[in-house]
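J.: here is the input, now give the coordinates:
(2 chains)
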Amino acid sequence: MRQATLLALSFGLLMASIAGARTPASVNDAAVIDGMARHLSEYRFFVLPQTQVPARGVHPYTLNTPLWSDGADKLRFIYLPEGTQLAADGQGLLQFPVGAAIIKTFAFGEGADRRLIETRVLLHRADGWTALPYRWNAEQTEATLALAGGRIDLVTPAGEAISYAIPNKNQCKSCHGKDGEVIPIGPKARNLSAEWLDDMGRKGWLAGDTSGGDRLPDWRTHASGPATPLARAYLDVNCAHCHQPGGGASNSGLDLRWEQSDAQAIGIMKRPVAAGRGAGGYDFSVLPGQPDKSILLYRMNSAEPGVAMPELGKASVDREGGAVVRRWILEMTPK
Amino acid sequence: MKRLALAAALLATTQGFGAPLAAETHKVAPGEGAATRLQEALILAAPGDVIELGAGRFVMTDGLSLDVDNVTVRGAGMDETVLDFTNQQGAGEGLLVTSDNVTLRDFAVENAKGDGIKSKGADQIIYHGLRVEWTGGPKASNGAYGIYPVESTNVLVQENYVRGASDAGIYVGQSENIIVRRNRVVENVAGIEIENSNHAEVTENLATQNTGGILVFDLPGLPKVGGGSVLISRNAVIDNNTDNFAPEGNIVASVPAGTGVMVMANRQVHIRDNALVNNGTANVLLTAYSQDFSDERYEPRPVDILISGNIYGRAGFAPDFPGGGDLKSAFGGDLPAIITDGRHQELKVWDLQPILSLGLTDVKQAFDQANPAVTVPDIPQILPPVASLSVKLPQEMEARLK
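T.: Just a heads-up that it's a prediction; the model follows:
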């Protein structure tokens, strides 16, 4: 799937450079910095929207360990206006100039059957980040602003028929909110490849300390790689945007960030606070050696609203993620 | 948040959200597309706006959320405007509020899959005249909290009705400066619970047919620890004998059925001038937090507790704790209305009621090491003055309800 995307990308780039003189491929900066464009096409992030071929200044990237969203294939891009740069500061979140954008398209299906479902944009404006969701039409020609979100019936790669939820504008903030502000989550240097960081640096799009890449493991090793780094990366990427101080679930006291080293903070022998029936009858978030008595895994393995974690962006269960977290808990020495 | 400039043609369903900056009232009626129209209205509201929900039933499939300051969401009455979440497919609560100075009033939330209405970090929030209900009555599969403000300063929860919550009907957590007044909480595990919070006034409520009527708890390991300065006064806490239906693992799953007012940990709690009637374990129960903890900030015992001026009905006729039945047999009748596990500090009882102490002295002791004894309180002839724990909210908040 990734290879097919890259093929389409290089083909598209070729096309774009040939057609460059005829088709102005520049991004509409005015739409990025103000207003709420009704259609995704108004931003001109893509020269070929349907195949997601990016315009000039729009850089594709991937994450070592990605956020799981019902198995959606995700196409990620960063837009930087001409003459601007990202700033890297070790392992943390890249700093974006005003006028930059992060674009993420969610797709299901392979090859010719691939359908774009939604594209979420994060726009970096003078007063902070604005998050907006766009829903693709059936013809795959345009995506329209879906402020109130929406639902779409589809079949996941695991073969499950689900009602997939496109988040509303506020729900964007539920995950992207920290201390009341909207911030990006994904593009942290530690979860980007060193190769990508180097490449962006060489081309002048990235400055600063670019040595923090590749700290999180490559999720493609999930079946056989060491459990601890995989599980901690998975929890960081999928849970820690809420479960950290200042995040949407700060009141739980659970802090699942990669850098958190306190055992109780990451759930080990931690009792539930406001879990309700989400506790599943168990006493601890993580009970060492006992994945089947650990609330954290119980909630990951549920798709039922009120029990399921994460609360948003999930209508089915991530079996791969669950298997890694199970392995992690199983390998812990019982207390 | 500033009002976002919108193209006039933005959305046919959101006409009226365009240019004017003066506060506006946006009416949302039930019917076709109501869920989407309502969520759009909540997103596009400007500070000062009122979202007016029409009478009728709004069929919801997803949770709602509000993130704009100074907005009022108002229905036609708690029995007239119903947000029905019976078929909810996603989100952890019915309605989530994350902005300040919000007023929620006069509507109902039914059968939310998770919590009913949650507000997080939402200062100066008012919940007024709401009904949050799981209409099938007490069930472990109901959502945890009905009304759930957390991490907030200045909270007013007034004249609401909550029924069926599998944790607490009204739960205020990790907050400051709180009034919970004139609510009716029925058939929840905990009627009202104040947890890890300071400066709370719980007054003039009716708590009945819950497992426990009013709980004041402090738990270790949370961002905010050290709850206290809580006034429980002029409440009717009657007949809270419903079997505990909380899912196991939660702290309220350990609340005995038949508990009137319960204090666990906390510093400075006054239980004054309440009617405490017909609660089968105890009308007042004081306990320490007895599980392991490693939080150095945490005081596991109830400290500085005053019980005074209450009216007592029957209690202790069905004690629902380990050894309770034997104790009752040994006692030869109903247990005293006030029970402490013995691990309290600075307890003052100025009511003419016997006190049963289980005689535990160490927070690590188990209940089977109890050494029960009954004492009669030593009431001063002239009662010394008592610090007022009444809570004052910003005048602006009360004014909003006028």
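J.: which residue, other than its chain neighbours, is closest to the residue in the stretch 201-335 of chain A that chain B sits nearest to?
T.: Residue nearest to chain B within the stretch 201-335 of chain A (C-beta to the nearest C-beta): A:G276, separated by 2.6 Å. Backbone N, C-alpha and C define where each C-beta goes, glycine included. Excluding the flanking residues, the one nearest A:G276 by C-beta to C-beta, 6 or more residues apart in numbering or on different chains is B:A144, at 2.6 Å.
J.: hang on, the earlier thing: quick check: the residue of the stretch 201-335 of chain A closest to chain B touching B:P247?
T.: Yes. Using C-beta atoms under 8 Å, A:G276 is in contact with B:P247, at 6.5 Å.
J.: now do the shared contacts for these two.
T.: Taking C-beta atoms under 8 Å, 6 or more residues apart in numbering or on different chains as the criterion, A:G276 and B:P247 both touch B:S166.
J.: give me the neighbour count for the residue of the stretch 201-335 of chain A closest to chain B.
T.: Other residues within reach of A:G276, judged by other C-beta atoms under 10 Å in any protein chain shown, total 27.
J.: which ones are touching it?
T.: Contacts of A:G276 (C-beta under 8 Å, 6+ apart): A:G306, B:G114, B:D115, B:G143, B:A144, B:Y145, B:S166, B:D167, B:P247, B:N250.
J.: ok, now with 6 Å
T.: B:A144, B:S166, B:D167 (C-beta atoms under 6 Å, 6 or more residues apart in numbering or on different chains).
J.: which parts of the stretch 201-335 of chain A sit against chain B?
T.: Taking C-beta under 6 Å from any C-beta of the partner chain as the measure of proximity, the stretch 201-335 of chain A contacts chain B at A:250-251, A:253, A:272, A:276-277, A:279, A:281-283, A:305-306, A:311.
J.: filter the residues you listed to the buried ones?
T.: A:S250, A:N251, A:G253, A:P272, A:G276, A:R277, A:A279, A:Y282, A:D283, A:P305, A:G306, A:E311 (16 or more other C-beta atoms under 10 Å in any protein chain shown).
J.: dump those to a markdown table, plus pLDDT and secondary structure.
T.: Listed next are those as a markdown table, based on pLDDT from 0 to 100; DSSP: H, G, I helix; E, B strand; the rest coil:
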| residue | pLDDT | secondary structure |
| --- | --- | --- |
| A:S250 | 90 | helix |
| A:N251 | 89 | helix |
| A:G253 | 91 | coil |
| A:P272 | 89 | coil |
| A:G276 | 80 | helix |
| A:R277 | 82 | helix |
| A:A279 | 87 | helix |
| A:Y282 | 92 | coil |
| A:D283 | 91 | coil |
| A:P305 | 84 | coil |
| A:G306 | 83 | coil |
| A:E311 | 87 | coil |
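J.: about what we covered before: in strands, which of the contacts of A:G276 fall?
T.: Residues of those located in strands (DSSP state E): none.
J.: whichever of those residues end up buried, select them in PyMOL.
T.: Restricted to buried positions by 16+ other C-beta under 10 Å, the PyMOL selection for the contacts of A:G276 reads:
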select buried, chain B and resi 144+166+167
